[in-house]
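Novice: below are the sequence and a predicted model for it; my questions follow.
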Amino acid sequence: MIDLTNLSPTQSIKIIVGASSQSYPGWIQTQEEELNLIVRQDWVNSFGDRKIDTILCEHVWEHLTYEEGVRAAEICYEFLKPGGYIRCAVPDGFFQNEWYQNIVQIGGPGPSDHPAASHKIVHNYRTLRGMFEEAGFEVKLHEYCDETGKFHYNEWDPEGGFIYRSYRFDHRNKDGELGFVSLIVDAVKQ
């Protein structure tokens, strides 16, 4: 359960789901043990009638099947304010880089205790957008590769949810070369 007692009743709620070591001023860190994306009761216990402004998920949704992803999106939709959104980043299935695709593949590379070992899906912009739209969201594409592998970038504000594994911020992207990208969307509740 997330403790909101230090927030005023009118204060905006911005959470990081599956935060690991991510920590940003004004954002509430959550881990799977206290706020599971697909366990609605965790959300009820944490938020009750309070609505969330922003949910940030960097490389979390690929640990869910497509069906679990839709269920998680439906739960998030219920607990978001109108106009609230999920900023979601996942590995991009259309990024044409053999090393990258080996790292992000279903089941992941290497030992079973590696985080990528629990990848259940490798999304592309069509599957991720479709999943969120199925749950009722309007989806804005920020960063993605198309079917030909061409990278597309639409300006987004990091203050609205910082994504390290992105075109602008990942240290592996340098000298005009893409070393690591994410498929980044905002799924907005209307």
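Specialist: Cool, got the structure. Remember, predicted model here, so these are calculated numbers, not experimental data. Residues are numbered from 1 along each chain as shown.
Novice: from the contact counts, what lies against the longest helix along the chain?
Specialist: Counting residues, the longest helix found in the chain (DSSP state H) is helix 66-79. Helices and strands touching helix 66-79, by 3 or more Cβ pairs under 8 Å, 6 or more residues apart in numbering; DSSP states H and E, are helix 40-47, strand 52-58, helix 125-134. Heads up, the C-betas are built off the backbone N, CA and C, glycines and all.
Novice: what angle do the shortest one and helix 40-47 make?
Specialist: With axes from the mean of the first three to the mean of the last three Cα atoms, to 10 degrees defining the directions, strand 52-58 sits at 130 degrees from helix 40-47.
Novice: could you pull up the mean pLDDT of strand 52-58?
Specialist: The pLDDT scores in strand 52-58 average 97.
Novice: pairing partners for it, with directions?
Specialist: strand 14-16 (parallel), strand 80-90 (parallel) (DSSP bridges).
Novice: quick one: buried residues of it?
Specialist: Neighbour counts over strand 52-58 (16 or more other Cβ atoms under 10 Å) mark Ile52, Thr54, Ile55, Leu56, Cys57, Glu58 as buried.
Novice: and if you look at stretch 60-80?
Specialist: 60-64, 66, 68-80.
Novice: point out where the chain drops to low pLDDT.
Specialist: 110-111 (pLDDT under 70).
Novice: circling back: I'd like the strands paired with strand 52-58 as JSON lines, with distance to Ile163 appended.
Specialist: Shown next, in JSON lines, are those (distance: least, Cβ to Cβ, whole Å):
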{"stretch": "strand 14-16", "distance to Ile163": "11"}
{"stretch": "strand 80-90", "distance to Ile163": "5"}
